[in-house]
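Novice: 3D, please:
(one chain, ligands or ions: 1)
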Amino acid sequence: VKQPLIRIWDCHTHLSGFPGDTPEARMAALVELADRMGIERFVTFMGWPFDTDPSPDELVRQNDQVLQALAHWHDRALGFAYVNPRHEQASLAEIDRCVRDGPMVGIKLWVAVRASDPRLDPIVERAAELSALIFQHTWYKATGNLPGESTGADLAVLAHRHPRAQFLCGHTGGDWELGLPAVRERPNVAVETGGSDPTSGMIEMCVRELGAERIVFGSDTSGRSLATQLGKVQGARISEADRGLILGGNLRRLVAPILAKKGFAP
Ligand SMILES: [Zn+2]
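Specialist: This next block holds a predicted model:
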């Protein structure tokens, strides 16, 4: 059976966990994996080692690792700048340096401060001015979240305050049956598929609850295996048109404005 070619873009990868002492070496390993899995382009953010509450100096160091990794791979990869709302000025400076004046196209918020916190406002405003995507990790942990770890509901509060900003809800809330209803009424939030074990019915529920246009494939490799994360979407009982949107079409549409500002077509 001849299938139409789906151009796969992955919105969530990390250099952490790949072999190599330099960003170049780790990037080579990541590109090799992407080649093997048929990934046309991927987004990467945060360097190594992972730091849940990075200092201003550590933000610069880790964003530099990503900039160095991207340097020879602009045709294959995009970057998001890691920021920490506990350090407002440093985060704004990193957005200016890496996104406004550099090649990056989004920002990454992890677990230092919950998304509903007003300390995120100046950071989100700056990102929105630049049409940068905002990736916010979210999870509903049965064992309780970290003090600064967001749920989907926290992200919904932030997205309501910033209707012109475009958010990616990392991991679809971890528990997607809680994450999906939390963000459903916020049209400026798309959910990211990575980071839980592949479970039959998850992607189908995302499509049913949000529509395929608000679902973006992400693997979270090397934290998760790219093959199993891809399998979630490839094995879902959805239309080929919806699969194409989830695996790449939506991310291309969402980064088109900022790429256009930088003079590129996605
Ligand atoms: Zn991740």
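
Novice: Please identify the helix or strand for the closest residue to Ala236 other than its chain neighbours.
Specialist: Excluding the flanking residues, the one nearest Ala236 by Cβ to Cβ, 6 or more residues apart in numbering is Ile203, at 3.7 Å. Every residue, glycine included, has its C-beta placed from N, CA and C. In the assignment (DSSP states H and E), Ile203 maps to helix 202-210.

Novice: what residues does that helix touch?
Specialist: Applying Cβ atoms under 8 Å, 6 or more residues apart in numbering, the external contacts of helix 202-210 come out as 172, 176-177, 180-181, 183-184, 190-191, 193, 196, 215, 232-233, 236-238, 242, 246.

Novice: Could you give the average pLDDT over stretch 108-124?
Specialist: For stretch 108-124, mean pLDDT is 98.

Novice: What of stretch 216-226?
Specialist: Here stretch 216-226 scores 96 as its mean pLDDT.

Novice: average model confidence for stretch 20-33?
Specialist: Throughout stretch 20-33, pLDDT has a mean value of 98.

Novice: Do a quick rundown of the helices in the stretch 51-200 of the chain.
Specialist: Secondary structure of the stretch 51-200 of the chain (DSSP state H, counting those that start in this stretch): helices at 56-70, 88-95, 121-129, 152-161, 176-183.

Novice: any idea of the mean pLDDT in the second one?
Specialist: This points to helix 88-95. pLDDT averaged over helix 88-95 gives 98.

Novice: Give me the neighbour count for Gly201.
Specialist: Neighbour count of Gly201, defined by other Cβ atoms under 10 Å: 12.

Novice: I'd like the average pLDDT over stretch 249-259.
Specialist: Mean predicted lDDT for stretch 249-259 stands at 98.

Novice: neighbouring contacts of it?
Specialist: Contacts for stretch 249-259 (Cβ under 8 Å, 6+ apart): 7, 9, 11, 43, 78, 99, 105-106, 130-133, 166, 190, 212-217, 265-266.

Novice: In strands only, show me the residues you listed.
Specialist: 9, 11, 43, 78, 106, 133, 190, 215-216 (DSSP state E).

Novice: Pick out whichever of the residues you listed sits closest to Asn63.
Specialist: Gly106 (12.1 Å; Cβ to Cβ).

Novice: residues touching the closest one, list them.
Specialist: 43, 45, 78-81, 99, 127, 132-135, 168, 255, 258.

Novice: switch the cut-off to 10 Å
Specialist: Contact analysis of Gly106 by Cβ atoms under 10 Å, 6 or more residues apart in numbering lists 11, 43, 45, 78-81, 95, 98-99, 127, 130-135, 166, 168, 254-255, 258.

Novice: Understood, closing this out.
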